[in-house]
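>>> Task: produce atomic coordinates for the following.
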Amino acid sequence: MAIPSGRIDSSGSASGSEPASEEIGRTGKAQIELPPPVAGEAGPVQLILTRLLVEPSVSAMLAALKTLERPQPSRSLEREIKQMLVALGDHIAADRKLEALATALAAMFTDADYAIGKMRRNGQLRASKYGYNGLLIANIARAGLDARLSLVARDERFDYLESVVALTRLAPSAKALHDRVVRTLSTRRDVALKTVLVVLNSRFYQHSPADDSMSSLKLGRYTIEDVSDAASLILNTYRQLFTIEDNCCNQFDAEGVAGNSPIYERLFLAAIRLTKFKDAETMIDGLPFRAVSKGGAVRISSIRPEVEKSIRLGYVQGQMQVALRARHFPAPDSAVSVREMIDKGFEHGAFGPLLKFAEKPVRRFRLFLPTAPQIFQLFRSESVFRDEAESLMMIDADTFSELDPGQMITPLVSVLDLLKVQRYFNFISCLYQRKLDEIEDEGDRAYLTFTSTIPVIPHDKLFEQIQLILSDEAKSRAVIDLLTIDYSANHLDLQYTPLINLGTYYAVAPHVLAASNLPRNVIVAKDLRHFALEAGDPMVAAVKATFEAAGFKVRADFEVIIGKRPFELDLVAWRDDTLFLFECKNAYHPCSAHEMRNSYDQIQKAKDQLDARREAFSAPANQKKLFGKLGWDVPPTSRLHTGIVIANRIFHGAEFNGHPVRQAHELINVLATGTIGGDVELKFWKGDAFATDDLITYLGEDSIARKQLQAFVRYPIEIDLGGRRLVFESHLLDMQRQMDIMFESYGEGLEVPSVLRHPPFAA
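Modelled structure (predicted):
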């Protein structure tokens, strides 16, 4: 149901359509928790809070604000606001309405721009943080909007508060879904976890494609990544309800999966829809998106349409790059997959005996993996299987040097080490599944799938097996640590950390581990990207080399001091009386809204840096100092252009405050070839050779990327949360339209070949 705005009575219920401004249920002065005083005495924010706490209603608090004097900004004031916001979270969690509203208003009155920005950055107004109870959060946001005339902040801060109010309208539906997950787990404590892992593992092994034409209430609508996110949420909810211990994965729910029982389908559907609600929270908190409530639905859309289109373009281009690399992949007879190897082994009777049938304590297959060299040589070998090469190819799509499997991702662990361990679990998973294929009776095969396919391994046994593969004790322990889920982390994801520590055992869905892009996921999960770039950023080196080859004066990683202020320039280039300043950001291609926030944060940082550089180096005197420090004998110029160069493709084609975002591979192509490859080569240089104006055009509104954005069409993605709808306003690439635009712009009268006519839409 909708959350109405208006009066809050002593029970905390809302009514009417007026602002949240009347009587507030008090919890008593003894329960009021104030932040500790600053420097031994009450700080300015605390004094404002104390003043507001004597008022009986929000309207009275708002009136009181008009009589107060705003403190002067300072570092100590920021620290006090941070303390207040910590207390605010505690008040919301404890449902202390008076204290929460007064604390929020005190922080916002003191410095609304900083306080609201901090609340947004910290995700402090997410209903999912407080058991999906959105009423108090909505009233805090409404109070901030009602106090707007008394606050000093950018418009975007208040736009955010409006999005919070809109999204909390879905909180009751999300809470109902959460309660369904809790009820299911509570009544199936001893059997649910293993059952969920088996369902997840089977989905990954079968890898059934998602059918987006299906209802959002059907599991077939969703990708395996969606199902994995749901399983991760279920695991996290289970962890909050119960202690994770060794007996959690001893049994499966035979009753819950028997016949046509919908219990686990409903469980996964509830969890998937909760992850979509949390995605929406992440998008309005950490990305340039807003929420608007309209017509019984809450719609999530980018603040500027081209931003969401640029995200879609990034994903489409990423998929295309992987497909292009697949064309050059070795022929099947030169590299086999682990699954193919297992099939051949069964045909020759080599692997079948490794699995023995056991009747007790339950009917299942047991793995007897001898430590014979011929078995473990499969895992120790440095020859890469085809499925492992495909994982490397996915990473390679955004790298700027040949990816070396021997590349270290920590001081102890290399990419190849992870691939070897992944091969081990891939082998185990395919071995079980191939053995199960021999069971003719469908019911018996299903039963044995649930009893056999989720290994529960003692800690010492897993270490022993990993050490046989890696032949190094410290390395083996480091790999296990990298793959083990961290229950204290803010975000749990079984594709990133697939080993579940039960106490003295590990449980694992082996095909989740086997089918995930493990090297990339571990680097992201453990924040190891900086280690890979310690020796230098290959993207910056590649872009710099291309600028040099195109006749530019260019310098990378250069520092200059202007007016006592240091400026670190990622890339500065000059040619034909034109100065270019670029910030370069190298993040992996994001696979979720959670990860996309990292890419966006980097772009926002680059935007802020370029704002300062554009202001400083528009002055001829500062340019002269810069050129002198660089040793370039060139005059100051009024032709100054900026840009953000990214390694992945997300946000490619967007611009932020006049700074265009461009993907490094495409920028290199603009400088080096001037063509768009494919079945028909298109040319975008104006002349026969590269000219500086070609780069200026590429950075402007008439760029290749901006033209591609014109080919996107609206594609809303609707999720039924039960009574209310969540709609993500997304886009699809009309590939026919894109080809028409490209040929019209760069084809010099050429027509789209008939073989390229009527291509599919791309998500």
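>>> Every contact and neighbour count from this point should use C-alpha atoms.
Will do.
>>> quick one: contacts for residue 731?
With contact taken as Cα atoms under 8 Å, 6 or more residues apart in numbering, residue 731 is in contact with 308-309, 312, 712-716, 763.
>>> most surrounded residue in those?
residue 309 (29 neighbours; other Cα atoms under 10 Å).
>>> Please tell me how far that residue sits from residue 299.
Residue 309 sits 16 Å away from residue 299, going by Cα to Cα, to the nearest Å.
>>> Over to residue 418?
Taking Cα to Cα, one finds residue 418 at 41 Å from residue 299.
>>> Grab the CA positions of the helix or strand hosting residue 392 and hand them over as PDB.
Assigned by DSSP states H and E, residue 392 belongs to helix 386-396. Written as PDB, here are the backbone C-alpha positions of helix 386-396 (Å, rounded to 0.1, in the frame of the first residue of the first chain):
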ATOM      1  CA  ARG A 386      38.900 -23.800 -23.200                       C
ATOM      2  CA  ASP A 387      36.500 -22.600 -20.500                       C
ATOM      3  CA  GLU A 388      39.400 -21.100 -18.600                       C
ATOM      4  CA  ALA A 389      40.600 -19.300 -21.800                       C
ATOM      5  CA  GLU A 390      37.100 -17.900 -22.200                       C
ATOM      6  CA  SER A 391      37.300 -16.400 -18.700                       C
ATOM      7  CA  LEU A 392      40.600 -14.800 -19.600                       C
ATOM      8  CA  MET A 393      39.000 -13.600 -22.800                       C
ATOM      9  CA  MET A 394      36.300 -11.800 -20.800                       C
ATOM     10  CA  ILE A 395      39.000 -10.000 -18.700                       C
ATOM     11  CA  ASP A 396      41.100  -9.300 -21.900                       C
END
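>>> What mean pLDDT does that helix get?
Model confidence over helix 386-396, given as mean pLDDT, is 73.
>>> Low-confidence ranges, the stretch 301-450 of the chain, go.
323-334, 372-374, 394-403 (pLDDT under 70).
>>> what are the ranges of the strands in it?
355-358, 364-367 (DSSP state E, counting those that start in this stretch).
>>> closest to residue 509 out of the ones you listed?
Closest approach to residue 509 among the strands of the stretch 301-450 of the chain (Cα to Cα): strand 364-367, 15.1 Å.
>>> Please report the distance of residue 745 from residue 49.
61 Å.
>>> Between these two, which is the more surrounded one?
For residue 745 versus residue 49, the count of surrounding residues by other Cα under 10 Å is larger for residue 49: 24 against 16.
>>> Work out for me the element the more buried one sits within.
helix 44-53.
>>> That helix: which residues count as buried?
44-46, 48-53 (16 or more other Cα atoms under 10 Å).
>>> Can you give me the pLDDT of the spatially most central residue of the chain?
Central residue of the chain (Cα atoms, centre = their mean): residue 595, 2.2 Å from the mean position. At residue 595, the pLDDT value in this model is 86.
>>> Also residue 745?
87.
>>> Can you classify it by secondary structure?
Put simply, residue 745 is helix when judged by DSSP: H, G, I helix; E, B strand; the rest coil.
>>> quick one: average pLDDT of stretch 563-574?
Mean predicted confidence for stretch 563-574 is 92.
>>> Kindly apply the preceding question to stretch 669-686 instead.
pLDDT averaged over stretch 669-686 gives 82.
>>> Check stretch 251-270 too.
Here the average pLDDT along stretch 251-270 is 88.
>>> Same question for stretch 184-198.
96.
>>> Regarding it, how distant is the last residue from the first?
Counting by Cα to Cα, the terminal residues of stretch 184-198 are separated by 16 Å.
>>> likewise stretch 345-358?
Terminal-residue distance, stretch 345-358 (Cα to Cα): 22 Å.
>>> can you confirm the residue nearest to the centre of the chain is in a strand?
No - Residue 595: not assigned to a strand; according to three-state DSSP it is helix.
>>> Contacts only, for it.
Counted by Cα under 8 Å, 6+ apart, residue 595 has zero contacts.
>>> State the distance from it to residue 525.
10 Å.
>>> Stretch 583-597: which residues count as buried?
583-590, 593-597.
>>> and which of these is nearest residue 466?
Nearest member of the buried residues of stretch 583-597 to residue 466, counting by Cα to Cα, is residue 588, at 27.7 Å.
>>> my read: the closest one touches residue 649, true?
No - Residue 588 is beyond contact range of residue 649, at 9.2 Å (criterion: Cα atoms under 8 Å).
>>> Would you state the helices of the stretch 51-200 of the chain in chain order?
For the stretch 51-200 of the chain, the helices defined by DSSP state H, counting those that start in this stretch cover 58-65, 75-93, 97-121, 135-146, 155-168, 171-186, 192-206.
>>> want to throw the ones you listed into CSV with mean neighbour count and distance to residue 381?
As requested, these are exported to CSV (neighbours: other Cα atoms under 10 Å; distance: least, Cα to Cα, whole Å):
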stretch, mean neighbour count, distance to residue 381
helix 58-65, 20, 69
helix 75-93, 19, 52
helix 97-121, 24, 46
helix 135-146, 24, 55
helix 155-168, 22, 52
helix 171-186, 20, 42
helix 192-206, 22, 24
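>>> residue ranges with poor pLDDT in the stretch 501-650 of the chain?
In the stretch 501-650 of the chain (pLDDT under 70), the answer is 531-535.
>>> now the helix holding residue 392, how far from the centre of its chain.
21 Å (Cα atoms, centre = their mean, to the nearest Å).
>>> helices or strands up against it?
In terms of contacts (3 or more Cα pairs under 8 Å, 6 or more residues apart in numbering; DSSP states H and E), helix 386-396 is packed against helix 305-327.
>>> just the angle between the helix it packs on and helix 386-396, please?
Angle between the axes of helix 305-327 and helix 386-396 is 140 degrees (criterion: axes from the mean of the first three to the mean of the last three Cα atoms, to 10 degrees).
>>> Could you list the residues in contact with helix 305-327?
So helix 305-327 is in contact with 288, 301-302, 393-394, 397, 648-654, 708-709, 712, 730-733, 762-763, going by Cα under 8 Å, 6+ apart.
>>> Narrow the residues you listed to those that are buried.
Buried among those (16+ other Cα under 10 Å): 288, 301-302, 393-394, 397, 648-654, 708-709, 712, 730-733, 762.
>>> pLDDT score for residue 127?
So residue 127 comes in at 97 (pLDDT).
>>> tell me the contacts of the residue lying closest to it once chain neighbours are set aside?
Setting aside the residues directly before and after it, residue 127 is nearest to residue 134 in space (Cα to Cα, 6 or more residues apart in numbering), at 5.0 Å. Taking Cα under 8 Å, 6+ apart, we find residue 134 in contact with 126-127, 168-169, 171-172.
>>> Would you mind giving these as JSON lines with distance to residue 193 added?
Converted to JSON lines, the contacts of residue 134 look like this (distance: Cα to Cα, whole Å):
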{"residue": "126", "distance to residue 193": "27"}
{"residue": "127", "distance to residue 193": "25"}
{"residue": "168", "distance to residue 193": "30"}
{"residue": "169", "distance to residue 193": "31"}
{"residue": "171", "distance to residue 193": "26"}
{"residue": "172", "distance to residue 193": "26"}
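>>> hmm, back to that, and the strands of the stretch 301-450 of the chain: which comes nearest residue 177?
Using Cα to Cα, those put strand 364-367 closest to residue 177, at 34.0 Å.
>>> what packs against the closest one?
Short answer (3+ Cα pairs under 8 Å, 6+ apart): strand 364-367 packs on strand 355-358, helix 442-452.
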